[in-house]
Structure formats: structure tokens, C-alpha cells
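*Asks:* My questions concern the predicted model and sequence given below.
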Amino acid sequence: MKKEISIIGVPLDLGQTRRGVDMGPSAIRYAQLHERIENLSYSVEDLGDILVDRTLVKEDHTEHNLKNLKSVKDTCEKLAVEVDEVIKSNRMPLVLGGDHSIAIGTLAGVSKHYNNLGLIWFDAHGDLNTAETSPSGNIHGMSLAVSLGHGHDLLTKIGGYFPKVKPENVIIIGARDLDEGERAIIKELGIKVYTMHEVDKLGMTKVMEETIDHLKDCDGVHLSLDLDGLDPIHVPGVGTPVSGGITYREGHLAMEMLSEADIITSIEFVEVNPILDEKNKTAIVAVALIGSLLGEKLL
Ligand SMILES: NC(=[NH2+])NCCC[C@H](N)C(=O)O
Ligand SMILES: [Mn+2]
Ligand SMILES: [Mn+2]
């Protein structure tokens, strides 16, 4: 793993309807992210937050079942530029959300640097809706579909190219709340999904061994971790909690195995909502998981 890390905050809450997730980057910083990473002897720079232009909300309309389309697009474009610059300067981006719609921007900045990018999507959800299938119109439920090239042009074409990732290089882990249209696209594109059923049955060790093996021919792997992939007992501060999720220890095991395999080239942690949280518990878990991912050991 690269030893130079650049933190980028994305205080975007417009990809869904529960306010507060815009404070996620602050909550994660407050949980001592910087210190934690520095202690692992990385060189860390914090680039601050991407500007979310809330004046665009006025122009946004929801007719097409894409809430705050312009605001989300504008933020993702800015994020893509910044992520691209970080990678060009030979550093690893660590992006802090914000809601999961920001993955559209992160992947737009990351993907052009790789010929065969892998993507690990830790999530209770598939985020594989389009405006046609979404039950909510919330873009955070569409970001993986967009990155695969499915969805509104304004989103799929950010960065001037699409798709950002091929379906055979995507692995979803922790899914337990999939909409009908999402099941259909999973089947149609043949996306590999470890639902909670497989996590229970195989155990996290096997899930991660298979995941790492599946991505062995990739020249880079992006980890997009939605905190709601974990069980809400451990992470009460998320906007769309679903019970029966990944445990605290399974989460750490997954991060430790990724660290040992040394395959991750860019990282994003999303959906921390401090307003819904209990004493910053969710941000603290996020920082602990980032610690394990970056090589922290128990002994
Ligand atoms: N990133 C997330 N938390 N996504 C939740 C999506 C929920 C639901 N599937 C929707 O499309 O609205
Ligand atoms: Mn989710
Ligand atoms: Mn998500």
C-alpha cells in the first residue's frame, strides 16, 4: 500500500433525504483519523472538504426521480478532479462522505488511472438502482449502477468517459436489502454478491479469500465502504440502517485481510450521519476499520 495518503472530505447530503450526513467528514476527523494513520507511519495530508454548492438545489427538480441531480453532479465533478490530482501526485486518496452518491465522483477520478480496476462495495444495499427502478429517487441508491454505466448521462459521463468499472470486477459484500430492479441488474450483469446469507454460511475469512482471488488480475482495487454494511448495533449513525449486518469483528477481519493482501489502491468511507449517531460511535468504528485496513495489528 502507498505510504502517502491524502484525505478528502465530501460534505454531501443531497444524494438522500436525511440531513446530517454532510457532517460525516467532521465526525470522522474528530474521531482522530489523522493521528491514527500517522501512528501507522504514513505521511498524511488533509486536503479539507470539497465545496458543496447548495445554491444549485434551487435549480434541482425531481421529475425524473433523481433528487438533487445537479447538486450531486456538480459535487462529484469537483471530487473527481481532486481524486485524479491526488493519484497523479502518487498518493492514495482516502475519501470521507457524505452519502454514497459521492462514489460516482471518486470512481470518475480513480478509474482512468487503471486498465482493469477492481471494486469492493461493502454495503447493506446494492446501490444499483436507476431513475426507472429507484423506489426513492435518491442518488445514493444509484451510485454503483452509474459507475457501471447505467443511469442518467449527466452522472455516467462525469470525467468524460464511461463505464468506470466492469461488472466482472465488482464485488458486493454484506447485501441484505435489494430492490427488485437491483436483483434484475445483478442477474443481467452477473455481478458477484456476497449477501449476508453467504457471509453467514461461508464465514468472512472465505468471503475475503474469494474476493481477493477474484480480483487478482486487477491493476488497482477501490474499496467503497458504506458504514451501513455493518450491523446497526455497532453503527447507529447511518441513514438507512438494516438489521442483520456484518459484525464489528467481521468488519475488522475483512479490513485486516485486505491489508495483508495489499491490494487496495483507493479508499472511501461513507454514510456516517452524526445527527443519528450515539456519541460519535459510528465515526469511531469507521476510524478503527481504516486503522485495520492500513495495517494496524492487535499484537
Ligand atoms: N447508499 C445507501 N445507503 N443506499 C441506500 C439505498 C436504499 C434504496 N435501495 C434506494 O434506492 O433508495
Ligand atoms: Mn447502504
Ligand atoms: Mn451504499
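*Replies:* Noted; the coordinates are in hand. Ligands and ions are numbered 1, 2, ... in the order given.
*Asks:* what about the strands in the stretch 151-299 of the chain?
*Replies:* Along the stretch 151-299 of the chain, the segments classed as strands by DSSP state E, counting those that start in this stretch run 170-175, 192-195, 220-226, 264-270.
*Asks:* TSV please, covering those strands and showing mean pLDDT, mean neighbour count and distance to residue 26.
*Replies:* Quick note: C-beta positions are derived from backbone N, CA and C, even for glycine. Formatted as TSV, the entries for the strands of the stretch 151-299 of the chain read as follows, by pLDDT from 0 to 100; neighbours: other CB atoms under 10 Å; distance: least, CB to CB, whole Å:
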stretch	mean pLDDT	mean neighbour count	distance to residue 26
strand 170-175	99	26	25
strand 192-195	99	19	32
strand 220-226	99	26	18
strand 264-270	98	25	13
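*Asks:* how about the ones you listed, which one is nearest residue 34?
*Replies:* Smallest distance to residue 34 across these (CB to CB): 14.1 Å, for strand 264-270.
*Asks:* Tell me the strands beside that closest one, with direction?
*Replies:* When sheet partners are counted by DSSP bridges, strand 264-270 sits next to strand 92-97 (parallel), strand 220-226 (parallel).
*Asks:* quick check, it touching ligand 1?
*Replies:* No: counting by CB under 6 Å from any ligand atom, ligand 1 has no neighbours in strand 264-270; the shortest distance is 7.0 Å.
*Asks:* Using PDB, write out every CA atom in that strand.
*Replies:* C-alpha atoms of strand 264-270 as PDB (Å, rounded to 0.1, in the frame of the first residue of the first chain):
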ATOM      1  CA  ILE A 264      -6.300  -1.600  -2.100                       C
ATOM      2  CA  THR A 265      -5.300   1.500  -4.100                       C
ATOM      3  CA  SER A 266      -8.000   3.900  -3.100                       C
ATOM      4  CA  ILE A 267     -10.500   4.100  -0.200                       C
ATOM      5  CA  GLU A 268     -13.800   5.700   0.600                       C
ATOM      6  CA  PHE A 269     -15.900   5.600   3.800                       C
ATOM      7  CA  VAL A 270     -19.400   6.900   3.500                       C
END
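*Asks:* Residues of the stretch 151-299 of the chain that sit close to ligand 1?
*Replies:* Contact residues of the stretch 151-299 of the chain with respect to ligand 1, defined by CB under 6 Å from any ligand atom, are listed as 179, 226, 228, 240, 271.
*Asks:* got the residues you listed as a markdown table, with distance to ligand 2 columns?
*Replies:* What follows is those, written out as a markdown table (distance: CB to the ion, whole Å):
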| residue | distance to ligand 2 |
| --- | --- |
| 179 | 12 |
| 226 | 4 |
| 228 | 4 |
| 240 | 6 |
| 271 | 6 |
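*Asks:* Let me know the closest of those to residue 289.
*Replies:* Taking CB to CB as the measure, residue 289 lies nearest residue 226 of these, at 11.8 Å.
*Asks:* low-scoring stretches of the stretch 1-150 of the chain, by residue?
*Replies:* The stretch 1-150 of the chain contains residues with pLDDT under 70 at 63.
*Asks:* bridging residues for residue 97?
*Replies:* Here residue 97 sits in beta bridges with residue 10, going by DSSP bridges.
*Asks:* so it makes contact with residue 269?
*Replies:* Yes: between residue 97 and residue 269 there is a contact at 6.8 Å, judged by CB atoms under 8 Å.
*Asks:* What's the separation between the residue in the stretch 51-200 of the chain that ligand 3 sits nearest to and residue 239?
*Replies:* Ligand 3 sits closest to residue 100 of the stretch 51-200 of the chain, with a gap of 3.5 Å, by CB to the ion. Between residue 100 and residue 239 the distance is 10 Å, computed by CB to CB, to the nearest Å.
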